[in-house]
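when you get a sec, could you give me coordinates for this:
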Amino acid sequence: MSEREKLPQTTDSDAATQSFTARESWRIFGIMAEFVEATERLSEIRPAVSIFGSARTLPDSPYYQLAEEIARKLSDAGFSVISGGGPGIMEAANKGAFFGKSPSIGLNIQLPHEQQANAYQDISQTFRHFFARKFMFVKFASAYVVLPGGFGTLDELLEALTLIQTGKSRRIPIILVCEPFWRGLIDWFRERMISEGMASLEDLDLIQIIDKPEDVVEAIFKHYETRGFAPLPFEREMLLNL
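Residues are numbered from 1 along each chain as shown. So this is what the prediction gives:
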């Protein structure tokens, strides 16, 4: 047997695996760049409120109009407003803030069927990775305002609740808007999760249900009235390790 025949042979499958591994490693730098760029662009927007809701909501919907009114009141009260940057309630939130006194921020996401960024953004940042985008929603938010929505809205809501419940993020107001929409979910939390010991009754205290726009603004101010909006020293450490 020749020396050449003794060497291990590289198959096409091996080469493809090596190529994929190399691409996966280099992709880390792209993810790092996404975090750095977004953090630098958003560093001056505090205090800010992240608003969530369905991308499928049309402008003539009461939900859309309510989101726009809440965002306008928050903007006029001095809060930057952050949304997902797309259509529906995201557009309503950006629109309300855009015509208010404070910045309107859209954190858009690249999807297989491209999500179109709405036109009402003072700052528009596009992400390739959901987890980087979600990090920015939490990191820069002084409150979450959640209107009716689908899986994506529930994902953002439960992400925030989990981070606060587990002590990985500071406690902020989490406000659900439109009580009839959320009633069944809250009842299920209480009747199934809590009654069967999957969560604690105190965990429901993380959530407020408020329907009037002016009451949403008041609830956020009330949460911070004794401490100010800037993260406290220990909260800064939490956000660094989020």
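
what comes up buried for stretch 56-72?
57, 61, 63, 64, 66, 67, 68, 69, 70, 71, 72 (16 or more other Cβ atoms under 10 Å). Where you see a C-beta, it was placed from the backbone N, CA and C, and this is true even at glycine.

please, where are all the strands along the chain?
Assigned by DSSP state E, the strands in the chain fall at 48-52, 80-83, 104-109, 123-127, 143-146, 174-176, 207-209.

now, the buried residues of stretch 56-72 that are in helices?
Judged by DSSP state H, helices contain the following of the buried residues of stretch 56-72: 63, 64, 66, 67, 68, 69, 70, 71, 72.

let me know the closest of these to residue 96.
Lowest distance from residue 96 to these (Cβ to Cβ) belongs to residue 71, with 3.0 Å.

hmm, back to that, ok, so of the ones in helices among the buried residues of stretch 56-72, who is nearest residue 116?
Residue 116 has its nearest neighbour among these in residue 64, at 16.1 Å by Cβ to Cβ.

report the contact partners of the closest one.
Going by Cβ atoms under 8 Å, 6 or more residues apart in numbering, residue 64 touches 57, 58, 88, 89, 91, 92.

let me have those residues in a markdown table, extended by distance to residue 144.
As requested, the contacts of residue 64 are exported to a markdown table (distance: Cβ to Cβ, whole Å):
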| residue | distance to residue 144 |
| --- | --- |
| 57 | 18 |
| 58 | 23 |
| 88 | 17 |
| 89 | 13 |
| 91 | 18 |
| 92 | 16 |
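
gap between residue 37 and residue 126?
10 Å (Cβ to Cβ, to the nearest Å).

for residue 104, that is, sorry about that
Where residue 126 is concerned, residue 104 sits at a distance of 15 Å (Cβ to Cβ).

and those two? Which one has more around it.
residue 104 (25 against 16; other Cβ atoms under 10 Å).
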